[in-house]
Every structure is written in C-alpha cells, then in structure tokens.
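J.: Only the shape, not the letters, is given here:
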C-alpha cells in the first residue's frame, strides 16, 4: 500500500498535523458518531456536499497525492469522496482561487506544496490517503485553532527590548504592593508573562536582552516550573523555536488563569493607568483569564491547581455531565455451591435463600442515577466463558477480605530477575493467573503465575483430527508439547512501553516505541494485528474493562480509541499539549482518562469524543492513573511523587497524598475501594486510607460550583503503611479478587 | 533556584573547528561560533527528549540507547559503539584540556581464540515472595530479594554434579582431586548452599562410615577454602559435624567399624572451624558446650556418645575441658568404673568402649593440666589467681590432685611429650620438692583377648599459648604412631591398678602447699632422649625428695616414633588398634 511505501512522506504530514490539531484543549477532532461496533462506512460523514472549504481541502489533498505520484490513493480518495475526475481537471485555478478566499494566511501560490500541507494536514491525520477515508471532521476552525504563523507573527509587534525588564519589574512592584488577598491571584500572571516576554525577545533576535531578562527574573518563578524554565533557557535563538515542540505549545495555546473579578479589575486598572501596552498585549493575546465572582483564592488553593503546561483548565471545561456510575451487571444465575446449600438447609433455607437472592437482584436491577445508559456505547455480548468467569469472580468475591485501616492487605511481590534494567511494563490478568512483562529488547513475555502451564493451540492439521463433540474439546485443542511456564512474544521493533490483558484473558495488547500497538493471542501466542496510526512511540495502551475497545496514547499527543476488529481508530482524542504518558478506561467503559507530560489529566467521552474534564494540579508528567471501583473517583500519580485524588463527577481535586520521593508508576484501588496502593520508583509501596480521604472532603454547593476547594493537609493521617522493597522499583500493582495486593518490578542491583 | 544550576555545558568553537578540520573543512571563526552554539542547543534538545525514553522505561539511569533513540526520532544518525553496559572511562589529556573516552584496540585474534568464553545472560524470570503479611512485617526481614537471584548457571550445575559424584564415588584419587579443588576454587560461592545441603545428609548415611568420612572431608575443604564466606551456613556445617561427633551412629553397632576415628576427625574439624571461623560461630560456642555437657551427663547415652563429647570438649580447647569435663568427672567416673569393673563376657565390648572413653578423658585432662600450667607460668609469677569471668577455677595443684586420684600415674607419666614445656622457669630444678611417691609401675589390665588401650598422644601447643587447639585436621591415619606399650603393662595384673585411687589425700584443707615437678625425656631435636624437667610450683615449696631422684625414675611412655617438630601443628591421635 502506498501508505506503507511512503512512510517518510506520511511522517512529515504527521509532524505538521501534530502542531495543528493539538493546539487547543477543547477543539476536538470528533469522529462521527456512528456506533463503533458497526463497520464505518467511510464517506458518509465526509460527503462532498460539504462547505466549499471542505471541497477545497479535498482538492488540495488530491493535488498533494498526485504530486507525490500516489495515483492509486488518488483514485480511491476520489471514488470515496464522490469527486468526479474532472473536478480536479482544473485544480490549480480552482484551489488557488478558493485558497485565497478561504484561508488568508496561505498565499495564492497553489503550487507550493508546503503551504498546501499546512491546510491539508487537518484532514489527513487519521487516514493516510491509501486507507479508508478520513472520518474525522475538524472542529470549526477560527479562533480555537490559531495558525502557528499567526501566533508567531504576534511576537513581531515588539517594543523596545531594553524596556522589557522595566515592564516586568513594574508589574512585579505593583503586584507586591496590592492587598494580600489579591497578591496570590495576581502572581499567577508572572510565569506566563515571563515566558512570553522571553520568547518575544528571542523571536526578535534580542539574544542578549533575552538572556539578561531570563537571569533577572527566572528566579522569581514557582519552583514547579523549573523543568520548563530549563527548556526555555536553552532556547536562545529564533531558529531554535521552530522545532521545539514544548514551546510551540506554549505559544499556540492560551495559558489559562483563574482570577477573581476584583483582582482582575485591579490588574486591568493598573495596566491601563500605566499605559503598559506591552504587557497588556501579551495578556490579551496569549493568556486566557477565566474570571469568577467571589472570594479570591488563597495561595495554597492556587498552588494546588497550578503547575500544568498551560495553566488551569477553564471552568467550563469541566462543566459537562459525566456519567460516572457503573453499568448494570448482567444477571447471571449463580449456581450455589453444595456446601452453601447445606449450610442453608440447616436453618430454614427458604427464608434465607430468598432475601439473599433479592438483595443481589435489587442491587443490580436498580439503575445507578449517575450511570450512563446501558447501551450508550455498544458493548460486546457476553460469551459463555465470560459468564463462567463472572461466576468465578463472584464466588471469589465472597471470600474477599474486607480491608480497612486495621486490616491491611498482604503484599506479594513479583520480582523480575535478570531483567538487566529492561523491564518497562507489567500487567496482571484480573484473576491474577497470568503476568506479562514488556521489555526494552522489544519482547513481551508472559508467565503463568499458577501451576497451570501455558499451552498453545494445536496446529490446524492436528485440530482437524479432534472430535469436536467431545466434552473436553477445549482441553484437547491444546498442544501439551508446548506447555511451559512462560512464552516470549516477538514482533515489536522497539521497546515495549505498555501492555494490557484483555478481560477474557484471550488477548494481550502491547504498545511500543516503534509506533504500533499489537494484539497478541494468548491461545496461539502469536501476533494477530498490528495497529498503526501513531507513527511515534506509543507510551501506553489499555483494554476496556468490557474488552473489544482499547485506548492508546503516545508521543504524538493524540489518544486513539480502537476496536480490536478495526485497523483504524474509532476516535481520536486530541488536546494534550505534550506526550500522552498513560491511558485508562473508566470502569463503565464510557470514558477514558489520559495523563500527559503537559501535567494535565483529561477525561474523554468515548461516545462523542469530547474532552469532558481537564484536571490540573500535578507538577510533573503523569505516569499512573486509577479509577475507584465505583467509578466516582480517580487517583493520579506523577513524577512529582504526589498522588492526587479527583472527584470525577464534579471535576474537582479532593485530595493530595504526599509521601513518595520519586515517580509513581503504579496506582490501584482495592476491590472495594477502601484502600489505594501506590508504587513508586523510590522502591516503596504505600497504602492510603481512601475512605477517610473521600469522607474528609466537604463539598458544599459553592466549592462544587467554583471548584475552589480547601484541601486538608492530612497525608500523614491517610498513610496506612509504607513497605520497602529491595532495590526494586514498583511498576505495577494489582489487587486480586480476594484483595491480596500483588506488586511487580525488576530487581536492579 | 540559583543561576549556577541552569548553566549548560558548552562546546567551544575551537572544538567545532577541530572537528571540521578533521573532516576536511575549513571554518571561519564566525561560522564556528554559530555552529558551536547550535550544536549545544541540539545536544540539549536531544538530551531532553532522551530523558523521556528513560522515564518511560522506568529507569533512573539515562543510557546511550535512550540518547540514540532521541537522535533517531529527530532524524539524526545514531552514534554507534557506546552501547556496552560497563562504564566508559573518561580520560583527560593534560595538554589541550581534552577529555575523551578510551577507545582501545581490540585484538580480534586474541578475542576469537580466547578460551574463557563469556557466559550467556541468565534468563529473565519472575519470582514471587510474600513481602508483607497482613501489611505487617514478614517472616523474612524487610525488603529481601528472593534467593533465586543467583540461579545456577549450566556450568556451575555441572561442576556441582561432578564434584559431589567424585567425592562420594568410588575412586579415591578422584576424590582427592575434587576435595582439593573444593578447597581452592574461588567461584563456587553460589554452590555453597547446595554443598551444605549435601553435607547435612550425614543423618541419612549414619550407617556408612566411609560416606560420613567423605562428607566430613567435604566440610574441611569448604572450611579451608579462602574464597568462601560461610556466613550463616557455618551453623549447618557445625551441626553436621556435631552429629558425627555425638550421635550413636548406626555404623557403631558393628564393633569392627572404626567410628572412633571418625569422631576424632570430626572433633578436629570442629576445633578447626572454631579457630578459623571464630567470628561466625562465636554465638555457637556456648550452645555446643551445653549440648556436649548434656550428652556427658546423660548415663543412658552409649559410651561412644560420651567419647564424642569428651573429644569434642577437647577440641574446643582446654578451657572447655576445665569448665565442663573437669567438674563433671567425679560423677562420670562412677559410671565409667562400673563399666570397666564388669568382667563378664557380655560386657566385653562395652568395656572396650569404656577404655576408649577413659583414654579420651585422660588425654583431655592431661592437656588441661599442661595448658593450665603453662597459662599460669606464662603471664608471670602471680598467675595463679588469674580471675575468670564468671566462675572460679580450681587451682592447678588441687586439680592435679583430684585428677591424679582418678588416673594415678597414667596421668603423670604422659607429660613427657610436649615440647613447649621447655619454656619452664629455669629455676625449677632447684626447688621442687616432691611429696609424691614414685608410683608403682602403672598397671594395665591385660585380658588376653584384647589389649590395653594403647594411648599415644603427641600434644603440641601453639606458640600463642592461649590454649588454642590450633591443630591442623588431618586424616587420623597419619597420626598413627607406633607406640611402645607401657613398661609395666605386662606385669600388672589387676585392672584396678589402672584406676589407681588416690595415693595421697587431696589437700582439702588449707592452701595447696605442694608443688611438683615432672620430668621426662624430650624426644627429637638433636639430642635424642634428652631429659627435661618441668615444675609446677606453688609458693611454699616443701620438698623432701630431690627432683632428679624422681625424674630419672619416670618411665617414659607414649614415646613417639617420629621426632616432634617444634611449633608445627602436628597430628594427634587417640587411635586405638583393636
């Protein structure tokens, strides 16, 4: 296929896209809302009857393809888009004409491939031309998606470089002199202002002034921006700005500040009085000030929420309703064990049996008011084996240990030995029977944790000899000769960074630096599908709790939702300003959460593709996420060594757990959600009392409405225990169905 | 945040120029400066993005591979040749302030023909251990790694099999080779637990003296291996050795089996362990003393166990004998005598065993006396009252008296062998008066069916004179000496004489007021049969008999066939030909 042959080209396209489509938080690329289960019929959403601009874009694509001699793709695209061959017979004049009208920033020179590229790119990301047509419709452009050039050019209206420090200093003096209650709020302005002024100086080739400016004021910035400042300071030339993604984001996205109306008025008045246009311009152009009515926030409140690459999330960003409740469990007749029945026989079974059944039934029958509709997204039908597994799960759950502050779980540690610093990811199956490890040497290894060995299905020839009617056919199809404790899966061509078992234990997903996500069969231990689309390292992937769907996210800042039987993503979630470092499905499978190196967490609606939550507060890249079993809360861990707790429904931070001294790579709630376990690079596992943590939060209407919450400083009270390993970073945690805590990591002597 | 932290390493323009020159390009200063600046920035950028790969690999260490990945993703050629795991030495050159990574020539021929083929990497594996039970501590100390960290490589496993097969196998030559290797191999630390486990199998082969012997030799080899740190395994070894010393082995049911030698050897081994690994077993010392005492005081135990207890105590040094055996002797004596006095035919075997015990006790107390005397004479004149930690010692004369009351002359005559007695004060001959009468020729019972135990001993005292049993354990067979039978043996009729009762009453009242002198012939060393004397003196000497008169009358027994080398650790034996 052309797309494969021409990887380099696509790559270029992809690069440009990245900057384009990621430039705004809320501007999502929505996939069409046809049900993901059905095979998407391509051109439906992308009918040629679109606006003139659409048409023009299409033509531009065609032209681009032609230029690169991808004639096959041209044909396909044309056919699918319903464009007649003669529609592009006179492409130059048409597209040039339309181009000058539609997109002013692009010159009339239709022959310039680069200028075309910048427009084309919006349409191309999902669909490399040769494959199915793009289903992605760009959100209406305009102010939400400022062109890079526009932003860059904004820096050209410069003032006298010598005056910059004076401006900044003046503002600093002013903010220091205002009332305490306003000072904290207004101080938020410093960092974005500082960055933009510095960039402006660099952009306009005032290298020395920029350096002086930096040295003079970088010390004033909050310590959690240190990392960004380091990157910033390494840029001292205009040429550097071109390729630097981090700073590109800074320029193309507006830094969001939440400031109370009173404080804002103060600032505005001051700047207008002083005629400080330089600063005022920056505030107008590069900052988004989210003004709220009411009490100004305190310093600690602000500090709790700030730290992300682009400021806080806008308040409206978290206003959408999230159905965080759990889906109704399908009713499965649980066959009672013999012993259970006997026990009940002894003391009047009819009375006992009934209420028991009722209580179970009523629990599952009653629809959680916060739950999404059962059929909101189509979910795979339960197979018999799934039902059996559910029954097993329920049985196990009855033997579950009730955890609490006085009843902590036992911890089993799975040490990977002789991993030579190469272990990069670990996952357990839900029933804790298998453990898989992703390694830097591109392999995935699966171990059986139980005495049951791993066996392959027999070859096709052997299978045909099997009596298919026999009762133990499932046993017979397995090849006893292949039984072993572990299996190695070869296929990736780069380190494996994320792995995830399917809930039915038939599949394993792995994502790798080579830009692909692979689906492996655990029956044959072979690779079934390689999902291509990311083109850059894929940092994490995760199966839906119901199987079938999975999410992946990586260096290209776009999270993709896939279904195992589609080689194209169903949804693309764009909005993060830096790499997506971790991905996680909500227990009800209607939402996915992504953590990013831009230090925000976003929650995406699988159905609509919208970003429904932007959670800020971490001061470093986020490396682990966990939903509470009831779906109501979320925990996140980052390189800053802090665990933050979130109320998903309100989109609020409800807790901060301090204690770890290094990156938190693993988080897991116990099966009933009473305890949160966190595992870190600092070679410890910590247990936290989450019941208390969630109880301690008092949510009145005001805080719920404004999101300005006072976090109790109670990490020490919530910490139930710290457990050391020996030189073994904890990179995965798992609670068994009976609430035994399993931890995993590689021994690094 | 101080300014210092944000400084970056910079590539000077001179370096850029040099690089360009080496590539055949001439650069002007301006270009070089610009280039240098850009290079710095690109390097920083690459470093920045390489750290991302490190973070996602969940590592703390940035590797060359991470950096290469960053380069590759920014379409820059990766650098080759630095992927090795081991640290790269970074060397400065003084002139020019250059730093570089040493890039040595690799001799391919040598490499190809090298005999030490590098081992393959161990297989990655998962091991589970319960780290925290109920969130509390654990059976194991916190934060341990499962012991499978060192799994046996193929080679080690082979070595283990070969060695154990050789040692426990038929070929004595092979065994010797294997033991020698075990003694000197520096790479078998990982196998230690396995060998210790094999050795702990003594309990299952208690019927097979040969095997027991081989296992003990294995212990010896392990103990002597200077590269092995025995650690806590030493306890297991000691318990195996103790088993051989003390247990009534199945092999000892048959009187033809020479389990006595085994016990002697095990005892030697025990003392060796204590002297060479004292730091590891210090806590065991009292435990072992207690268990020995327990055996000794248990009349139900067979005599061979008692024998083991005695040689065990002997092996632990004269202080152990003084503390445990000596106070226990009176009680034990009654039992032993009862055995020895029984002439019934059915008792013959037991009686023979009894003689062994007797002999062992005799050797032990002799050494006790000798060493005690030495310890008194060495520190100085006032050494008699040397305070002991927790227990008051019996003064030497009283001890001698008491022991003499048990052993009679068989005790005294044997002081002829120990070369270290030459260190006695020179004034000795002049003063020692001897209250003791010349004992009649030591009597030995001589049943026609078996011989009297022929005791030979050749004690050697280490130069340190600290009571240390620094004897090199050696196969007892080496120590076998052709000893002459005691002179009076044949003439003496009643066996009772063997256990001559006190010739004089022990000085129960008042301070010990006698001193005595023991003389004899010193063997070896230039003059054959040179006489020597030694005296144990107590403050008020009351002598009536000139020492010489006594000395020359001493019969010399326990003559050794070979000259005794002074200060060398020699072998001793209680080898009793039956």
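T.: On my side now, so go ahead. On a predicted model such as this, the values are computed, not experimentally measured, just so you know.

J.: can we go C-alpha only for contacts and neighbour counts from here?
T.: Fine.

J.: what stretches of the chain score poorly on pLDDT?
T.: Just so you know, I chose chain A. Within chain A, the segments meeting pLDDT under 70 span A:1-54, A:56, A:81-159, A:243-249, A:251, A:334-366, A:698-708.

J.: please go with chain B instead
T.: For chain B (pLDDT under 70), the answer is B:1-8, B:85-86, B:96, B:117-122, B:131, B:134-152, B:378-393, B:409, B:411-578.

J.: if you set the cut-off to 50 instead, what comes out?
T.: B:1-6, B:138-150, B:380-390, B:416-578 (pLDDT under 50).

J.: Moving C-terminal from the helix or strand hosting residue B:180, which element do we reach first?
T.: Using DSSP states H and E, residue B:180 maps to helix B:172-184. Counting by DSSP H and E, the next helix or strand C-terminal to helix B:172-184 is helix B:192-199.

J.: Return the set of buried residues in that next one.
T.: B:192, B:195, B:196, B:199 (16 or more other C-alpha atoms under 10 Å in any protein chain shown).

J.: what helices or strands is it leaning on?
T.: Under the contact definition 3 or more C-alpha pairs under 8 Å, 6 or more residues apart in numbering or on different chains; DSSP states H and E, helix B:192-199 sits against helix B:209-224, helix B:233-246.

J.: who wins for proximity to residue A:214 among those helices?
T.: helix B:233-246 (63.0 Å; C-alpha to C-alpha).

J.: Tell me which residues are up against the closest one.
T.: B:193, B:196, B:199-200, B:202-203, B:212, B:216, B:219, B:262-264, B:266-267, B:269-270, B:273, B:280-281, B:284, B:292, B:295, B:304-309, B:312 (C-alpha atoms under 8 Å, 6 or more residues apart in numbering or on different chains).

J.: same thing with stretch B:303-322?
T.: Taking C-alpha under 8 Å, 6+ apart as the rule, stretch B:303-322 contacts B:245-248, B:252, B:260, B:263-264, B:267-268, B:270-271, B:274, B:289, B:292-293, B:295-296, B:324-325, B:350, B:353-354, B:356-357, B:360-361, B:364-365, B:367-368, B:371-372, B:467-469.

J.: what about residue B:95, distance to chain A?
T.: Separation of residue B:95 from chain A (C-alpha to the nearest C-alpha, to the nearest Å): 30 Å.

J.: tell me the SS of that residue?
T.: Classification of residue B:95 using DSSP: H, G, I helix; E, B strand; the rest coil returns coil.

J.: related to what we said a few turns ago, mind checking which of the contacts of stretch B:303-322 are in helices?
T.: B:245-246, B:260, B:263-264, B:267-268, B:270-271, B:274, B:289, B:292-293, B:295-296, B:350, B:353-354, B:356-357, B:360-361, B:364-365, B:367-368, B:371-372 (DSSP state H).

J.: Going by neighbour count, which of the contacts of helix B:233-246 are buried?
T.: B:196, B:199-200, B:202, B:212, B:216, B:219, B:262-264, B:266-267, B:269-270, B:273, B:280-281, B:284, B:292, B:295, B:304-309, B:312.

J.: give the contact list for residue A:425.
T.: With C-alpha under 8 Å, 6+ apart, residue A:425 has these contacts: A:437, A:438, A:439, A:496, A:497, A:498, A:499, A:731, A:732, B:57.

J.: again, but for residue B:353
T.: Contacts of residue B:353 (C-alpha under 8 Å, 6+ apart): B:303, B:304.

J.: same question, residue A:292
T.: Contacts of residue A:292 (C-alpha under 8 Å, 6+ apart): A:258, A:259, A:260, A:261, A:706.

J.: Could you look up the SS state of residue A:487?
T.: Assignment for residue A:487 (three-state DSSP): strand.

J.: Setting aside sequence neighbours, what's the nearest residue to residue A:189?
T.: In space, and not counting its chain neighbours, residue A:189 is closest to residue A:257: 7.6 Å by C-alpha to C-alpha, 6 or more residues apart in numbering or on different chains.

J.: Burial check on the one you found, number of neighbours?
T.: 23 (other C-alpha atoms under 10 Å in any protein chain shown).

J.: In what element of secondary structure is it found?
T.: Judged by DSSP H and E, residue A:257 forms part of strand A:255-260.

J.: And residue A:657, how far from chain B?
T.: 19 Å.

J.: list the helices and strands the helix or strand where that residue lies packs on?
T.: If you go by DSSP H and E, residue A:657 is part of strand A:652-658. With contacts taken as 3+ C-alpha pairs under 8 Å, 6+ apart, strand A:652-658 sits against strand A:642-647, helix A:690-696, helix A:715-718.

J.: What strands line up against the helix or strand following the last one, and which way round?
T.: Going back to what we said before, that points to helix A:715-718. Toward the C-terminus, helix A:715-718 is succeeded by strand A:719-724 as the next helix or strand (DSSP H and E). Strand A:719-724 has the following sheet partners, assigned by DSSP bridges: strand A:684-689 (antiparallel).

J.: Determine how far the partner strand lies from the middle of the whole chain.
T.: 24 Å (C-alpha atoms, centre = their mean, to the nearest Å).

J.: Now do it and strand A:652-658, the angle between them.
T.: 130 degrees (axes from the mean of the first three to the mean of the last three C-alpha atoms, to 10 degrees).

J.: Mind listing residues that contact strand A:684-689?
T.: A:404-405, A:660, A:674-679, A:718-725, A:729-730.

J.: and with 6 Å instead?
T.: Contacts to strand A:684-689, defined as C-alpha atoms under 6 Å, 6 or more residues apart in numbering or on different chains, come from residues A:675-679, A:718-725.

J.: so which of those residues comes closest to residue A:295?
T.: Once C-alpha to C-alpha is applied, the member of these that ends up nearest residue A:295 is residue A:718, at 29.5 Å.

J.: roughly how far apart are that closest one and chain B?
T.: 15 Å.

J.: Let me see the ranges of the strands in the stretch 401-550 of chain A.
T.: A:411-417, A:423-428, A:434-439, A:444-448, A:454-457, A:478-484, A:486-489, A:496-501, A:507-512, A:516-521, A:526-532, A:538-543, A:549-554 (DSSP state E, counting those that start in this stretch).
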